[in-house]
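[1] Any chance you can model this:
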Amino acid sequence: MKKICLLSITLFLVCVANAQTEFIVPTPTPEQKYNYARGFWYNALLMSISVAKDEGMTVEEFSRKSADYVAALWVAEMNFNQFTNRLLYFNSCISDSTKIIEQSEEKVVFIISPINPPSLLGSSLEELVEYWDVSYSYFANRYKLNCNVSLVEEGVQFEISQ
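    Numbering: from 1, shown residues only. Prediction:
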């Protein structure tokens, strides 16, 4: 009985000694912050697509509805160079690699890769690409431009033309 009491007291003291009584604010590196923010963005978008599907909407319908809401945040007029630079910047922020594979005064084609959302949350990579295709086409049409987004072997391809 003494051994059990002694063992119990020892375990209790070890637990008390290891109990956290003070918290500290973490100091993540800029890369850790970026990776967390990118993961959060992907998760929010993919979760939205999944919820929309659960509510009976197609990915195309959800993309158009989302674009209608976001349209208020985009400038009223944008030329080919401005639109292309905006998409290059945005997609450079969410991917590890952005490569321009074709460019002229009339057309720019670039690929982002790899596309590694933390989790697809009930959506597929194809649905994510469809969302981007419909949304960016919506905005391109506002500026009298064309934008097609497709899944290719190297990643996700964006083709913007006048």
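[2] next one: the longest helix seen in the chain to chain centre, how far?
    Counting residues, the longest helix in the chain under DSSP state H turns out to be helix 30-54. The chain centre lies 5 Å from the centre of helix 30-54; the measure is CA atoms, centre = their mean, to the nearest Å.
[3] Please compute how far the helix or strand that comes right after that helix lies from its chain's middle.
    Next helix or strand after helix 30-54 toward the C-terminus (DSSP states H and E): helix 59-70. Computed by CA atoms, centre = their mean, the separation of helix 59-70 from the middle of its chain amounts to 16 Å.
[4] what does stretch 71-81 give?
    21 Å.
[5] quick one: terminal-to-terminal distance for it?
    Criterion CA to CA, to the nearest Å; first-to-last residue distance in stretch 71-81 is 19 Å.
[6] any residues touching it, and which ones?
    86, 138-139, 142-143, 145, 160, 162 (CB atoms under 8 Å, 6 or more residues apart in numbering). Bear in mind the C-beta positions are built from the backbone N, C-alpha and C, glycine included.
[7] which two in the residues you listed are spaced the farthest apart?
    Greatest spatial distance in the contacts of stretch 71-81: Tyr138 and Gln162, 16.9 Å, computed using CB to CB.
[8] Sounds good, over and out.
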